[in-house]
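# return atomic coordinates for the entry below.
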Amino acid sequence: MYYGINIKSIIKVIGILLCIEAVFMLIPVITALIYEETDLIPFLQSFGITIATGAAMLYLPRNANERIGKREGFLIVTFSWIAISIMGALPFLLNGNTHTFTDAFFEAISGFTTTGVTVLSNLNETTHGILIWRNLMQWMGGMGIILFTVAVLPMLNSGGGIQLFSAEMTGIVFDKLGPRISQTAKKLWGLYFGMTLVLIFLLHAGPMNTFDAICTAFSTTSTGGFSTKDQSLAYWNSAYIEYTVTIFMFLSAVNFAIIYKTLFRSHKELFKDEEFKWFAAIVAAATLITTLSLYFQNPEKEIEEIFRKSLFTIVSGITSTGFAVENFCNWGSAFFVIICVCMFFGGCAGSTAGGAKITRLVLLFKNTDNEFYRQIHPTAIRPVRFNGKVVSHDLISKVLAFIVMYILLAALSAMILSLMNMTIDEAIGVSLSALGNCGFGFGRMNPDSNFIMLPTLGKWIVIFDMLIGRLEIFTVLILFSPYFWRK
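Modelled structure (predicted):
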């Protein structure tokens, strides 16, 4: 015990997570064997280091108490994401894809947090093992590797499981799909796996080969955005692929518990959900405005193509996927404002999407509306309601605190980045993109380029933003609070 914290249980759980990551590393090992490429040895070395480290952390802490409280939950989630990203960086270093630890760690944490910004180039010539590892990292991180562990390990089904689930899951509340937390985790991962399989089949039915279909499906359902091509999805120049991926990006940004209930309980669940209705309305409005703006700029273009590119890019931005089918930096300043707002809003709670989440923003708007009402009727009692239920003042306070912290962190990051020879548009876009785990770049880091030009300090700022954005800010920042360490 240290400050009343069960250190042994923390080390043990992180060890389990590293062992699970090592098992996933066998997939690129098999891929390297199939394609007979040079990244086989680097992946075997990475597997050996990861499994040895995980096993040591799992078995060395003797007589570990399995109690996991709130503080242990926050520490496990934060340090496990850092640990799996460190191990996930090994293949990039050992295979020579990156030449510094900073670049390798940047690529790995961009993968696991499903941000999708990259420092790699010449993806068209990159080995298949590295390519599938990038997309596999996103797929693991999308639903959450800790949630996967809760699903498969009974030892975490007690009170510890709920602490880990709450600390890693996105949003302010979550819907239990069963009496035990492991049942909820299994159903969510089962739905996630099923959606991925369906998308692989649909993409393979189009112009994609099997390998590209698998990798793209991993990145789409995780709303990650890594591609096997430098040109992203523009490489295929296929309306079929763009519409198919758009649909699955949109679905992956919807609360998975609501999708599960819609499929297996009541078909009306999705359209009764207030958050979904707001999300769909925002996507429709942003797409309409962008389509009209681009049409007036380029009236000679086909309206269907303009609509398709607009819809794809808006959905890619608001769902925090980050796929690109065109260099949208040429779409004008009005679009820059629209896409920044979309990246800030993000997807629905309980999905794989990033951003501040639609639920929080709806509650913020409703609470603001109530404040206007109280100015006229100061004695009125008018609670905030969401999905027909009264929202507590405590939850409203948490939402306000989160939104304030989100805006402050985005502003602070943009200010620091602007001091590194970046334009204000680049700095604002990158900070919102990293914090919202979106993956879009602007200016010199546009969809036709990458993030290698960032200075080392700039990369570490983006790394920090990606991590706290994926873990919903407070999970990480609470570790810096003196209250956390008091017994």
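# quick check: closest non-adjacent residue to the most centrally placed residue in the chain.
The geometric centre of the chain, computed from its C-alpha atoms, lies nearest to residue 114 (CA atoms, centre = their mean), at 3.9 Å. The shortest distance from residue 114 to any non-neighbouring residue, by CB to CB, 6 or more residues apart in numbering, is to residue 224 (4.0 Å). To be clear about C-beta, it is placed using only N, CA and C from the backbone, and glycine gets the same treatment.
# quick one: secondary structure of the one you found?
Of the three states, residue 224 takes coil under DSSP: H, G, I helix; E, B strand; the rest coil.
# now it: how far from residue 472?
17 Å (CB to CB, to the nearest Å).
# next, the buried residues of the one helix or strand residue 361 maps to.
Using DSSP states H and E, residue 361 sits in helix 358-376. In terms of neighbour count (16 or more other CB atoms under 10 Å), helix 358-376 has its buried residues at 358, 359, 360, 361, 362, 363, 364, 366, 367.
# which residues does the last one contact?
With CB atoms under 8 Å, 6 or more residues apart in numbering as the criterion, the residues that contact residue 367 are 384, 396, 399, 400.
# closest one of these to residue 468?
residue 399 (17.1 Å; CB to CB).
# number of nearby residues for that closest one?
Using other CB atoms under 10 Å, residue 399 has 22 neighbouring residues.
# any idea of the angle the strand or helix carrying it forms with helix 358-376?
Using DSSP H and E, residue 399 maps to helix 393-418. Using axes from the mean of the first three to the mean of the last three CA atoms, to 10 degrees, the direction of helix 393-418 lies 110 degrees away from that of helix 358-376.
# now for helix 393-418, which elements pack on it?
If you count contacts as 3 or more CB pairs under 8 Å, 6 or more residues apart in numbering; DSSP states H and E, helix 393-418 packs onto helix 358-376, helix 424-435, helix 456-470, helix 474-477.
# in this structure, which spans are strands?
Under the criterion DSSP state E, strands of the chain are mapped to 385-386, 389-390.
# just so I know, which of those strands lies nearest residue 446?
Checked against CB to CB, the stretch from these lying closest is strand 385-386, at 37.8 Å.
# and residue 139, how far from residue 226?
In terms of CB to CB, residue 139 sits 10 Å off from residue 226.
# for residue 8, same thing?
Using CB to CB, residue 8 is found at 36 Å from residue 226.
# between those two, who's got more neighbours?
Per other CB under 10 Å, whichever of residue 8 and residue 226 has more neighbours is residue 226, with 32 against 17.
# in this structure, what secondary structure element scores lowest on mean pLDDT?
Scoring the helices and strands of the chain by mean pLDDT, DSSP states H and E places helix 159-168 at the bottom, with a mean of 58.
# ok, now how distant is residue 414 from residue 470?
Distance from residue 414 to residue 470, counting by CB to CB: 19 Å.
# neighbour count for the two, which is higher?
residue 470 (26 against 21).
# show me what contacts the nearest residue to the more buried one once chain neighbours are set aside?
Closest residue to residue 470 apart from its sequence neighbours, by CB to CB, 6+ apart: residue 113 at 3.8 Å. Listed by CB under 8 Å, 6+ apart, the contact set of residue 113 reads 81, 141, 437, 466, 467, 469, 470.
# again, only this time at 10 Å
By CB atoms under 10 Å, 6 or more residues apart in numbering, the contact list for residue 113 reads 81, 85, 137-138, 141-142, 224, 320, 354, 434, 437, 439, 463, 465-471.
# same check on residue 87?
Applying CB under 10 Å, 6+ apart, the residues contacting residue 87 are 17-18, 21-22, 25, 46-47, 49-51, 53-54, 108.
# again, but for residue 306
Contacts of residue 306 by CB under 10 Å, 6+ apart are 290, 291, 292, 293, 294, 295, 297, 298, 299.
# you'd agree the fourth one is up against residue 338?
Think residue 293. Yes. Residue 293 is in contact with residue 338 according to CB atoms under 10 Å; the separation is 8.4 Å.
# anything in contact with each of those two?
Residues touching both residue 293 and residue 338 (CB under 10 Å, 6+ apart): 310, 331, 332.
# was I right about residue 213 contacting residue 219?
No. Taking contacts as CB under 10 Å, residue 213 lies outside contact range of residue 219: 11.1 Å.
# from residue 318, how far off is residue 280?
11 Å.
# what about these two, which has more around it?
Per other CB under 10 Å, whichever of residue 280 and residue 318 has more neighbours is residue 318, with 32 against 15.
# what about the nearest residue to that one once chain neighbours are set aside, neighbour count?
The spatially closest residue to residue 318, leaving aside those adjacent along the chain, is residue 342, at 4.0 Å (CB to CB, 6+ apart). By other CB under 10 Å, 26 other residues sit near residue 342.
# pretty sure residue 342 sits against residue 438.
Yes. If you go by CB under 10 Å, residue 342 and residue 438 touch, sitting 8.6 Å apart.
# now do the shared contacts for these two.
Taking CB under 10 Å, 6+ apart as the criterion, residue 342 and residue 438 both touch 316, 317, 318, 319, 320, 355, 432.
# wait, what's in contact with the second one?
Residues in contact with residue 317 (CB under 10 Å, 6+ apart) are 249, 283, 286, 323-324, 328, 335, 338-346, 355, 432-433, 436, 438-440.
# sort out for me which of those residues are in helices.
Filtering the contacts of residue 317 for membership in helices, criterion DSSP state H, returns 249, 283, 286, 335, 338-345, 432-433.
# would you list the buried entries among the residues you listed?
Here, 16+ other CB under 10 Å leaves 249, 283, 286, 335, 338-340, 342-345, 432-433 buried among those.
# and those residues, which is closest to residue 99?
Relative to residue 99, the closest of those is residue 433; by CB to CB it sits at 24.4 Å.
# can you give me the pLDDT of the closest residue to the closest one other than its chain neighbours?
Spatial nearest neighbour of residue 433, chain neighbours left out: residue 440 (4.8 Å); criterion: CB to CB, 6+ apart. In this model, residue 440 is scored at 90, pLDDT.
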